[in-house]
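**Student:** sharing a model that was predicted from the sequence below.
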Amino acid sequence: MTWQKEWEKTKKGSTTKEHLPTVAERLQTKINFTQNLTTIITGHGNMTSYLQRVIIIEAPDCPCGTGNQTAEHILLECRILPEERERLIPAVTKNVNWPIKKYTLIKRHYKAFAKLIKTMIK
């Protein structure tokens, strides 16, 4: 598939590739791309790490005070979202350990993942 070759060849989109490694699987997966989901999958959007990178703000600090607000931080560490994460972890780790691979979150646990990110970026 030409799209897959282009996807593999490009140096851009590394964060997105962690979630959506193949074009065919992406096209087969029903995904409702909300603003928050797009932010997490691309690493672009209303996260302080991205806003600092594009020189809109000076510091990438997360409001929780424990690190830079990246997609990884939001999913794994952010102290603002412990309840949401505690609901997600049992839903996705029945047969695997946490942290789970990002593409597995999308492929097998999209609904639980979407619930977490629905409220996480403000």
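**Tutor:** That came through, no problem.

**Student:** so what secondary structure elements neighbour the helix or strand where Glu6 lies?
**Tutor:** Using DSSP states H and E, Glu6 falls within helix 2-9. Contact here means 3 or more Cβ pairs under 8 Å, 6 or more residues apart in numbering; DSSP states H and E; on that basis helix 2-9 packs against helix 23-28. (Glycine included, C-beta is placed from N, CA and C.)

**Student:** so for the helix it packs on, what gets flagged as buried?
**Tutor:** By neighbour count on 16 or more other Cβ atoms under 10 Å, the buried set for helix 23-28 is Val23, Arg26.

**Student:** quick check: phi and psi on the closest residue to His73 other than its chain neighbours?
**Tutor:** Among residues not flanking His73 along the chain, Gly67 sits closest, at 5.1 Å (Cβ to Cβ, 6 or more residues apart in numbering). Dihedral pair for Gly67: phi 160, psi -180, per degrees, to the nearest 10.

**Student:** show the average pLDDT along stretch 62-71.
**Tutor:** Across stretch 62-71, the average pLDDT comes to 94.

**Student:** equivalent analysis for stretch 20-35, please.
**Tutor:** 89.

**Student:** where in the chain is pLDDT low?
**Tutor:** For the chain, the stretches with pLDDT under 70 are 1, 119-122.

**Student:** which non-adjacent residue is nearest the residue most central in space within it?
**Tutor:** For the chain, Ile40 is the residue whose C-alpha lies nearest the centre (Cα atoms, centre = their mean; 3.2 Å). Once flanking residues are discounted, Ile40 sits nearest to Ala71: 4.7 Å by Cβ to Cβ, 6+ apart.

**Student:** and for the longest helix seen in the chain, what are the contacting residues?
**Tutor:** When the chain is parsed with DSSP state H, its longest helix is helix 102-118. Residues from elsewhere that reach helix 102-118, judged by Cβ atoms under 8 Å, 6 or more residues apart in numbering: 18-21, 25, 29-32, 34, 36-37, 39-41, 74-75, 81, 84-85, 87-88, 91-92, 96, 100.
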